Structures are given as C-alpha cells and as structure tokens.
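sequence unavailable; structure follows:
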C-alpha cells in the first residue's frame with residue numbers, strides 16, 4: 001500500500017491528497033496533467049508522505065505517545081504494510097530528527113523524547129512484519145553506540161529479516177576485535193556496519209582492514225549504510241567497502257537485488273614490528289579496547 005494521510009479533525013483526506021492549486025476541470029489542472037502526465041500521481045504520493053512524516057515528527061518531538069500511536073494505527077487502517085511504515089514513514093522522521101539535532105537545531109530534551117518514542121513505535125511495528133523462512137543468507141550487523149544510530153540500524157535489520165535474511169544484531173559499542181572474532185566464527189554472507197558516526201570510522205577501518213588482511217572469510221561481503229557514509233560521498237570506496245547504502249531501504253534493495261561483482265581492495269600489511277606494537281584495537285564506540 002501507499003502512505004495516504006488519514007482524516008483528522010482539522011483536515012480531510014481530499015484536502016491532503018493534492019496541491020491546493022490543482023482543481024479538477026479548470027485550465028490549471030489541464031495544463032498540469034499535460035505537462036507532467038502520469039507523474040502527477042507520484043507527486044501527490046510524495047506530498048502525502050511528507051505530510052504524514054511531518055505529523056509524526058510533531059508527535060515525536062513533543063513526546064505525544066497517544067498521538068503517535070493513533071497516527072500509526074490510522075496509517076495501518078489504510079492497508080499500508082508494516083515494511084512501508086518502517087521505510088517510508090519512520091525512516092524519514094528519524095533522519096529529520098538526527099539532522100536537526102546534529103545541526104544544533106533541536107534541544108536534547110526533544111531529541112530524547114523523539115528517539116525513545118520512535119524506537120517504541122519501531123518495536124511495535126516490527127512485530128507486524130511477515131518474516132519468511134531465512135533463505136537468502138546471513139547478516140551479522142553492528143552499528144555506532146548512540147541511541148540514534150541503534151535506532152537506524154534496528155530499522156534496517158528488521159527490514160532485512162522480513163526479506164528472508166537470518167540476522168544477528170549486536171547493537172553499538174562492540175570492540176573491533178570482538179566483531180572480527182565473530183565474523184571469523186560465523187562466516188556471514190554479509191557484515192553490515194550501519195549508521196556509523198564520524199567518530200566510529202577508526203573502528204570501521206580496523207574491522208575492514210583486518211578482515212581483508214587475514215582473509216579469514218573471503219566470501220563475506222561488507223556493507224555500510226546511513227550515518228556518515230550517507231553524507232560523505234566516496235568514503236566507503238576509500239575504506240574498501242563492498243557495498244554502500246544511504247538508508248535502510250537501500251540496504252534492503254541492495255541485498256535483495258542482483259549484487260555487483262565483489263572487488264577486493266588491497267590492504268597494505270603492517271610490518272611485524274609494527275604489528276607487535278599494536279596491542280590495542282578501537283571499538284565502534286570510538287574507544288580503545290585490549291586486543292584478544
């Protein structure tokens with residue numbers, strides 16, 4: 001289903017369904033349809049989605065728990081799927097919250113109200129997903145340590161599980177050496193490092209470089225998404241990542257469509273003397289950890 005605004009006390013579905021300047025039967029409508037053709041419906045859908053996201057955002061930042069639940073219930077009443085709610089409603093609201101807070105345009109109070117409430121909604125909607133038998137492969141997923149990064153990663157792994165992947169999700173703050181050990185032991189189809197912040201990059205590099213160097217799991221593809229990788233073009237290629245997605249929906253699209261041929265990036269091996277001096281590793285929380 002497509003996200004359609006629901007009737008509210010102050011607005012009707014018809015009023016939300018199309019721009020005010022499009023009126024059936026008049027010259028403006030004829031010109032609009034002639035110019036845009038079938039794209040008019042797509043524009044209307046985008047406007048509908050944006051209005052729903054704005055309504056959800058308002059309930060989240062004010063901590064309006066009943067209002068948020070009501071909006072979600074109204075959306076489901078329009079026969080919208082749980083996966084669409086996660087990718088087309090919750091994800092844009094999450095990105096809006098993160099962008100405003102990162103740019104110092106949102107108070108800490110509003111940020112914590114919104115992220116905690118949104119995570120509760122994500123948990124509830126994830127329970128409505130249809131989870132098929134895991135036939136596509138396995139995903140071992142980690143993320144940055146903040147609550148926003150964990151929320152983003154949770155949306156991504158919930159969507160992947162609904163598409164037939166067997167997913168193991170650690171959350172954030174896991175030391176690099178522990179991630180490497182688990183990848184070696186589990187040998188997943190994909191290692192997903194999602195919603196990393198700039199401070200997480202040393203840990204991401206540590207994981208990628210070590211896995212490439214020891215070549216213990218050559219068939220495991222590494223994918224990153226969201227966070228700093230969505231904002232810094234070319235960063236994933238620089239580190240030597242196999243696949244990069246801007247958001248949760250793109251992760252699903254990448255892993256459910258035809259995959260590009262794997263390209264292995266040569267990693268310069270440190271000298272033995274340097275390797276002996278490297279007695280600590282950096283975790284995805286940006287802090288050093290004792291190596292195993």
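Now that the structure is in, tell me what you want to look at. This structure is a prediction, so every number in the text was calculated from the model and none was measured.

show me where pLDDT drops low in the chain?
Applying pLDDT under 70 to the chain flags the ranges 1-47, 259-292.

let's see that with 90 instead.
1-49, 133-135, 144-149, 173, 194-204, 215-217, 225-240, 245-250, 252, 256-292 (pLDDT under 90).

what about the helices in it?
With helices called from DSSP state H, the chain shows them at 13-17, 27-36, 39-61, 65-77, 82-84, 91-102, 108-126, 147-162, 176-186, 201-214, 227-231, 235-239, 248-256, 272-277.

ranking these by burial, who's on top?
helix 147-162 (a mean of 23; mean count of other Cβ atoms under 10 Å). (C-beta placed from N, C-alpha, C; glycine too.)

ok, back up a step: quick one: which of the helices of the chain is nearest residue 169?
helix 147-162 (4.7 Å; Cβ to Cβ).

quick one, that closest one and helix 248-256 angle?
Relative orientation of helix 147-162 versus helix 248-256 (axes from the mean of the first three to the mean of the last three Cα atoms, to 10 degrees): 40 degrees.

need the nearest residue in space to the spatially most central residue of the chain, chain neighbours excluded.
With distances taken as Cα atoms, centre = their mean, residue 248 lies nearest the centre of the chain, 3.1 Å away. Using Cβ to Cβ, 6 or more residues apart in numbering and skipping residues adjacent in sequence, the residue nearest residue 248 is residue 156, 4.0 Å away.

I'd say that neighbour and residue 225 touch.
Yes - Residue 156 is within contact range of residue 225, at 6.5 Å (criterion: Cβ atoms under 8 Å).

overlap of the contact sets of those two?
192, 194-195, 248, 251 (Cβ atoms under 8 Å, 6 or more residues apart in numbering).

export the residues you listed to a markdown table and tack on distance to residue 72?
Output for these, formatted as a markdown table (distance: Cβ to Cβ, whole Å):
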| residue | distance to residue 72 |
| --- | --- |
| 192 | 26 |
| 194 | 23 |
| 195 | 22 |
| 248 | 17 |
| 251 | 22 |
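
what's the closest of these to residue 105?
Among the shared contacts of residue 156 and residue 225, and counting by Cβ to Cβ, the member closest to residue 105 is residue 195, at 19.8 Å.

which residues sit in contact with the closest one?
Residues near residue 195 by Cβ under 8 Å, 6+ apart: 143-144, 148-150, 152-153, 156, 225-227.

re earlier: quick check: the residue nearest to the centre of the chain vs residue 223, distance?
12 Å (Cβ to Cβ, to the nearest Å).

do the same with residue 190
6 Å.

return every residue with contacts to both of those two.
residue 255.

ok, the closest residue to residue 56 other than its chain neighbours - contacts?
Distances taken as Cβ to Cβ, 6+ apart place residue 93 nearest to residue 56, at 4.9 Å, with adjacent residues excluded. For residue 93, the contacting residues are 53, 56-57, 60, 118, by Cβ under 8 Å, 6+ apart.

tell me the one of the residues you listed nearest residue 218?
residue 118 (38.1 Å).

now do the contacts for the closest one.
Contacts of residue 118 by Cβ under 8 Å, 6+ apart are 60, 90, 93-94, 97, 151.

switch to 7 Å and redo it
60, 90, 93-94, 151 (Cβ atoms under 7 Å, 6 or more residues apart in numbering).

save the contacts of residue 93 as JSON lines, and put in distance to residue 257 too.
Formatted as JSON lines, those follow (distance: Cβ to Cβ, whole Å):
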{"residue": "53", "distance to residue 257": "26"}
{"residue": "56", "distance to residue 257": "28"}
{"residue": "57", "distance to residue 257": "30"}
{"residue": "60", "distance to residue 257": "32"}
{"residue": "118", "distance to residue 257": "28"}
